[in-house]
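K.L.:
Okay, predicted coordinates and the sequence, questions at the end:
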Amino acid sequence: MSALCFWCADKMSTGEFDLIGRYFSIQKGNQHFVDFSIGDDCAITHIPEGYQLAITTDTMVEGTHFLSSISPKDLAYKVIATNLSDLAAMGAKPAWISLALTLPKVDENWLSQFSQSLFDVLNQYDVTLIGGDTTKGPLSVTITAQGFVPKGKALFRHNAKVGDLIYVSGTLGDSAAGLNWILQGKSAVDFDTEFLVKRHFHPTPRVELGQALIDVAHSCIDISDGLVADLGHILTRSQCSAEIDLSFLSLSTSLKKTYRLEKAEAFALSGGEDYELCFTIPANKKSEIETLSQSLNVPCTCIGKIVQQNNNQITFLKDGRVIHYQAPSGFDHFKDK
């Protein structure tokens, strides 16, 4: 970590390099394929033979991507999990991250909690922090995550085929439902609301599933902006359409107990931030997905199929019958509210 710093930050007693040394240079081990990292102008790494490098960058800004009330522990967890989810969608094994952290002021207690949670998550997934930047300004966190994928095996959005089955991992809509509960000013009062709130702050990146899908799936994407929006990216890139049966949507028991079915379906279709995987497979691979699901203990649910491109990007069904359904749109950073 170097470059921009806190040198002009209201005569702060703690400088940038003190912050780096105290809070972000403490990771032990996990130096896989890293030659030099924190302490120089750049990190120097190398890629194992037979692999390609997958790279993703995401920025989270206070008030846009997270509430000002979020704890530093939850923020650190979420920014890492969301980036690892991007790597999972490509079938990559996470290896390294870089962190760019913009802070309005130096808060030692905040930094201590943030960095400890950050390293807890990185160590859980065997990922190394190799560098980054700290500077002064409105609170935001930018992560660049990198991972390895076998050459020629990466999963993409543009390879869905007519006749493919459409699957999603886990359950959908929980994160949006949890956020909705928080925005109403409510605290979790029972197991179900506690589950939904936790799913918002602590999504599970499907890292192992993504790697297992490279020999099974035709296409894949992680669900960050909502099922309709993200599946739409696959359909646009693959030049095809889809049929989705709402009766097959994977909804958690907690979601169905807390909200009426119509609201639960809306959360599942457009809520976003579930960070589950949506993927398509040839119909003859169905048994392989069932085996993977059981071995990884990750539920995978078939919700529809890929069809020839037509006037409707997604046709909705209920119990096998076509219905007229106006799906809510997914998240868009620049859409007027």
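P.N.:
That came through, no problem.

K.L.:
What segments of the stretch 201-337 of the chain are strands?
P.N.:
Assigned strands in the stretch 201-337 of the chain, in chain order: 219-222, 241-245, 277-281, 300-307, 314-318, 321-322 (criterion: DSSP state E, counting those that start in this stretch).

K.L.:
now the shortest one, how far from the centre of its chain.
P.N.:
Yep, that's strand 321-322 we're talking about. 32 Å (Cα atoms, centre = their mean, to the nearest Å).

K.L.:
again with stretch 200-212
P.N.:
In this view, stretch 200-212 has its centroid 7 Å away from the chain centroid, taken as Cα atoms, centre = their mean.

K.L.:
now stretch 155-167
P.N.:
Distance of stretch 155-167 from the chain centroid (Cα atoms, centre = their mean) equals 20 Å.

K.L.:
Also stretch 276-293?
P.N.:
Stretch 276-293 has its average C-alpha position 20 Å from the chain's average C-alpha position, going by Cα atoms, centre = their mean.

K.L.:
Repeat that for stretch 178-191.
P.N.:
Distance, stretch centre to chain centre, for stretch 178-191: 21 Å (Cα atoms, centre = their mean).

K.L.:
what do you get for stretch 84-98?
P.N.:
10 Å.

K.L.:
Restrict that stretch to CA atoms and write it as PDB.
P.N.:
Once non-C-alpha atoms are left out, stretch 84-98 reads as follows in PDB (Å, rounded to 0.1, in the frame of the first residue of the first chain):
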ATOM      1  CA  LEU A  84     -15.300 -13.400  -4.100                       C
ATOM      2  CA  SER A  85     -18.800 -14.000  -5.500                       C
ATOM      3  CA  ASP A  86     -17.700 -12.400  -8.800                       C
ATOM      4  CA  LEU A  87     -14.800 -14.800  -8.900                       C
ATOM      5  CA  ALA A  88     -17.100 -17.700  -8.100                       C
ATOM      6  CA  ALA A  89     -19.300 -16.800 -11.000                       C
ATOM      7  CA  MET A  90     -16.300 -17.200 -13.300                       C
ATOM      8  CA  GLY A  91     -15.300 -20.500 -11.800                       C
ATOM      9  CA  ALA A  92     -12.200 -19.100 -10.300                       C
ATOM     10  CA  LYS A  93     -10.400 -19.900  -7.100                       C
ATOM     11  CA  PRO A  94      -9.800 -16.700  -5.100                       C
ATOM     12  CA  ALA A  95      -6.100 -15.800  -4.500                       C
ATOM     13  CA  TRP A  96      -5.400 -12.200  -3.800                       C
ATOM     14  CA  ILE A  97      -7.100  -8.900  -3.100                       C
ATOM     15  CA  SER A  98      -6.100  -5.200  -3.100                       C
END
